[in-house]
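Chemist: what follows is a predicted protein model with its sequence.
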Amino acid sequence: MTQTVPTQLPADWRDFFALTKPRVMSLVIFTGLCGLLAAPGSIHPVLGFTAILCIALGAGGAAALNQWWEADLDAGMKRTSKRPLPAGRLQRTDARDFGVLISAASVVIMGLGVNWLSAGILALSILYYAVVYTIWLKPRTPQNIVIGGGAGAFPPLIGWVAVTGHITLMPVLLFLIIFMWTPPHFWALALFVKTDYANVGIPMMPVVKGEKSTRRQIFAYAVLLVPVAAAPWFIGGTSYVYGIAALALSLAFLALSLPVAFRQTGETDTMKPEKRLFGFSIIYLFALFAALVVDRALANNGWIA
Ligand code: HEM
Ligand SMILES: CC(C)=CCC/C(C)=C/CC/C(C)=C/COP(=O)(O)OP(=O)(O)O
């Protein structure tokens, strides 16, 4: 007897999966994993896997709650109108319940299985993204992503604390790197989807302060990112392998932010430098955190100091 094997998950499962913003969260999870792998000491692989699963569940749950709250806003923006809620493929209450369930599960499992400090920071970052950023800051101030960006900066700290059980300067620096990276990452994108945010009344920086001010601020954060990204090397937390990679990547990021910072655009501009900077921002963070893990692996094997 022949059976047809379904090649795709049922639509409702795909929609729940989409609620977790999987593409964005892949980098969130990767930075969490790198924090865990770069931390001094060791963790049992099963517990390490559990910690990363909890970061994924917590970040995904917070993203679901973000979309539950913003379903009407998302319906009004071209970029987000096809998401499961605005497209009518899911009930709003189902998205809320799913978000609460996997967020709560992530914190409890992290606490019981790994340690309560990492569980506490995970809970803080979920509340930070779903409540402080989404409900409070995003509709109110153009500094929303500067302050709210803190939420996305926690995962490497959580991964690190999952191993060590305490907070030191190194994981705080990893937090600061993502904190400084978030404004240029997001504002580069906001420059080319400006009208979307203006249409739904979200006070993103280019809408409120204008393009010129946003461009200058992107540059300022890209400048600050150079010493902050190299700081783990300066304090002796890594070797020159990470240090050189951090400087090279950050200077490339700065170079790409230059044409964004000092140009004016007309109505028909294709926004190539802004799109390039946004694209590179993602490669930048993947490569920087990968360099950190390679550096620590080389040191642990005695190949570098
Ligand atoms: C408040 C902070 C942030 C804001 C407002 C923001 C906003 C955005 C937006 C609007 C997009 C476009 C893609 C989409 O529509 O889903 C995007 C893409 C992306 N973001 Fe962010 N982001 C933030 C922080 C982060 C952080 C902390 C990470 C990871 C560490 C991250 C990783 C990514 C990635 C990987 C993409 C590309 C996704 C794709 O290829 O579709 N973002 N971000
Ligand atoms: C562990 C944990 C909870 C991590 C959280 C990670 C985090 C805060 C990531 C931020 C990423 C993100 C998708 C922002 C989108 O902003 P938006 O929601 O304003 O974007 P939108 O306009 O696409 O809805």
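Modeler: In hand now; what should we look at? Ligands and ions are numbered 1, 2, ... in the order given.

Chemist: ligand 1 contacts on this structure?
Modeler: Within the chain, the positions near ligand 1 by C-beta under 6 Å from any ligand atom are 21, 23-24, 27-28, 31, 79, 145, 148-149, 152, 178, 182, 185-186, 189, 282, 285. All C-beta spots, glycine's among them, are computed from the backbone N, C-alpha and C.

Chemist: and this structure, which residues reach ligand 2?
Modeler: Residues of the chain lying close to ligand 2 (C-beta under 6 Å from any ligand atom) are 21, 24, 28, 55, 58-59, 62, 66, 70, 80, 122, 125-126, 129, 138, 151-152, 154-155.

Chemist: quick one, which of the residues you listed are buried?
Modeler: Among the residues of the chain next to ligand 2, those scoring as buried are 21, 28, 55, 58-59, 62, 66, 70, 80, 122, 125-126, 129, 138, 151-152, 154-155 (criterion: 16 or more other C-beta atoms under 10 Å).

Chemist: in which helix or strand would I find P184?
Modeler: Per DSSP states H and E, P184 falls inside helix 169-192.

Chemist: can I get the CA coordinates of that helix in CSV?
Modeler: What follows is helix 169-192, C-alpha atoms only, in CSV (Å, rounded to 0.1, in the frame of the first residue of the first chain):
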residue,chain,number,x,y,z
LEU,A,169,32.2,42.5,32.2
MET,A,170,32.6,40.3,29.1
PRO,A,171,28.9,39.5,28.7
VAL,A,172,28.0,43.1,29.4
LEU,A,173,30.2,44.1,26.5
LEU,A,174,28.4,41.6,24.3
PHE,A,175,25.2,43.2,25.3
LEU,A,176,26.6,46.7,24.5
ILE,A,177,27.7,45.6,21.0
ILE,A,178,24.2,44.7,20.0
PHE,A,179,22.8,47.7,21.8
MET,A,180,25.0,50.1,19.7
TRP,A,181,24.4,48.0,16.5
THR,A,182,20.6,48.1,16.7
PRO,A,183,20.0,51.8,15.7
PRO,A,184,22.0,51.7,12.5
HIS,A,185,20.5,48.2,11.7
PHE,A,186,17.0,49.4,12.1
TRP,A,187,17.2,53.1,10.9
ALA,A,188,18.9,52.0,7.6
LEU,A,189,15.7,49.9,7.0
ALA,A,190,13.4,52.6,8.4
LEU,A,191,14.8,55.1,5.8
PHE,A,192,13.5,52.9,2.9
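
Chemist: quick one: mean pLDDT for that helix?
Modeler: Here helix 169-192 scores 97 as its mean pLDDT.

Chemist: that helix packs against which elements?
Modeler: Under the contact definition 3 or more C-beta pairs under 8 Å, 6 or more residues apart in numbering; DSSP states H and E, helix 169-192 sits against helix 22-38, helix 144-148, helix 150-153, helix 155-164, helix 205-208, helix 210-234, helix 240-261, helix 272-300.
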